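Engineer: coords below, sequence missing:
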């Protein structure tokens, strides 16, 4: 099994979830005491978040490109970026790398299409919902993507001011459920939890639509890549 390199810390709450899923999936597939060979570089999210707010994606891309190279130098043979939003700079991160980079949107699109869905709602940070980098990749795969017509600023604030700090409240859960209900009325057949923290709030038990947890899907795709023989 190849060694997985994970660019994490954005936020550490979701990186901890990645660690659990990566190891659970490895044990499920390989049995016994097997766990994932894994190298994690957990960045200081405050630095990255400041660059997000200022729109300095080039600087953020340079930081994460350097982290990616450090992971490869440390022995990583497959790379994953443990955040949806920072896939804005995916091309900058994987530039001149000689190991596979697994994009988080690809296994998400594959899972939705395999289940027969073609119109999906997308929840995430305001960057993920409103910018083209994520929606265009899903559209290119064959999906029609809807975003909430409610106050996306509030949905974004719940992520940064609550979930990234480990705070989960019934009020915020209801806010997200209501956003999903509106997406359903506009034709969404399923919903993408397009921020790696949203699974802390929403799952199939509370959602009026089937949910697709990008964190778990991405982690499993990384295991697929790590078990693929060159």
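Structural biologist: Sure, I can see it. This is a predicted model, so every value here is computed, not measured.
Engineer: Where does the prediction get shaky in this protein?
Structural biologist: Counting by pLDDT under 70, the ranges of the chain that qualify are 230.
Engineer: What are the buried residues along stretch 100-109?
Structural biologist: Neighbour-count burial for stretch 100-109, with 16 or more other C-beta atoms under 10 Å as criterion, is recorded at 100, 101, 102, 103, 104, 105, 107, 108, 109. Where you see a C-beta, it was placed from the backbone N, CA and C, and this is true even at glycine.
Engineer: go on, stretch 7-24?
Structural biologist: Buried-residue list, stretch 7-24, by 16+ other C-beta under 10 Å: 7-15, 17-19, 21-24.
Engineer: what's the nearest residue to residue 195 if we skip its chain neighbours?
Structural biologist: With C-beta to C-beta, 6 or more residues apart in numbering as the criterion, residue 195 has its nearest non-adjacent residue at 4.2 Å, and that residue is residue 124.
Engineer: Wait, that neighbour touches residue 197, no?
Structural biologist: No - using C-beta atoms under 8 Å, residue 124 and residue 197 do not qualify as a contacting pair, with a distance of 9.6 Å.
Engineer: How about the secondary structure of the residue of the chain positioned farthest from its centre?
Structural biologist: Among residues of the chain, the one most distant from the C-alpha centroid is residue 32; the distance is 28.4 Å, by C-alpha atoms, centre = their mean. Following DSSP: H, G, I helix; E, B strand; the rest coil, residue 32 is assigned to coil.
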